[in-house]
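Novice: The following block contains a protein sequence and its predicted model.
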Amino acid sequence: MDIIQGSPLGSRVIEVIPSDDYTLFLTFSNGEHRIFNAEPLLEFEAFHPLKSKSFFKTVKISHGSIFWSPNIDYCPDTLYAESTPVSDQMHNAI
């Protein structure tokens, strides 16, 4: 049997903190702190349940990615690519 080898996995999410403005403060396995604006996702039908701020705040981590029960998730590589770095000062204020 052949083994398919690809590029190594990117950084994975190890901490997520949701906020009222549909942003997520993320800590990745490489030690970086980044912020992801999830508000644009709300335009897509699959993400409509996240319009409820109380539901949005139920975000959890699984296998290095984030998810909302029962079946809404987001790719960690995309989270990393679409998020912006957060300074240590800003992270300490969270």
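Specialist: Structure's in. What do you need? Numbering: from 1, shown residues only.
Novice: looking at it, Ser29 is touching His63, isn't it?
Specialist: No - with contact defined as C-beta atoms under 8 Å, Ser29 does not reach His63; the gap is 11.7 Å. In short, each C-beta sits where N, CA and C put it, glycine included.
Novice: List phi and psi for the closest residue to Pro76 other than its chain neighbours.
Specialist: Excluding its sequence neighbours, the residue lying closest to Pro76 (C-beta to C-beta, 6 or more residues apart in numbering) is Ser65, at 4.4 Å. Backbone torsions for Ser65, taken as degrees, to the nearest 10, come to phi -130, psi -180.
Novice: My read is that Ser65 contacts Asp73, right?
Specialist: Yes - counting by C-beta under 8 Å, Ser65 does reach Asp73; the two are 5.9 Å apart.
Novice: Quick check: chain neighbours aside, which residue is closest to Gln75?
Specialist: Actually, residue 75 is Cys rather than Gln. Distance criterion C-beta to C-beta, 6+ apart; nearest residue to Cys75, sequence neighbours excluded, is Ser65 at 6.6 Å.
Novice: Next: Phe28.
Specialist: Ser11 (3.8 Å).
Novice: That neighbour: neighbouring residues, count only.
Specialist: Residues within reach of Ser11, counting by other C-beta atoms under 10 Å, total 18.
Novice: Arg34 now?
Specialist: Other residues lying near Arg34 total 19 when counted by other C-beta under 10 Å.
Novice: Contact partners for it?
Specialist: Arg34 makes contact with 25-26, 28, 79-80, 83-86 under the criterion C-beta atoms under 8 Å, 6 or more residues apart in numbering.
Novice: go on, Ile14?
Specialist: When contacts are counted by C-beta under 8 Å, 6+ apart, Ile14 touches 27-29, 61, 64.
Novice: Which of those residues fall in strands?
Specialist: 27-28, 61 (DSSP state E).
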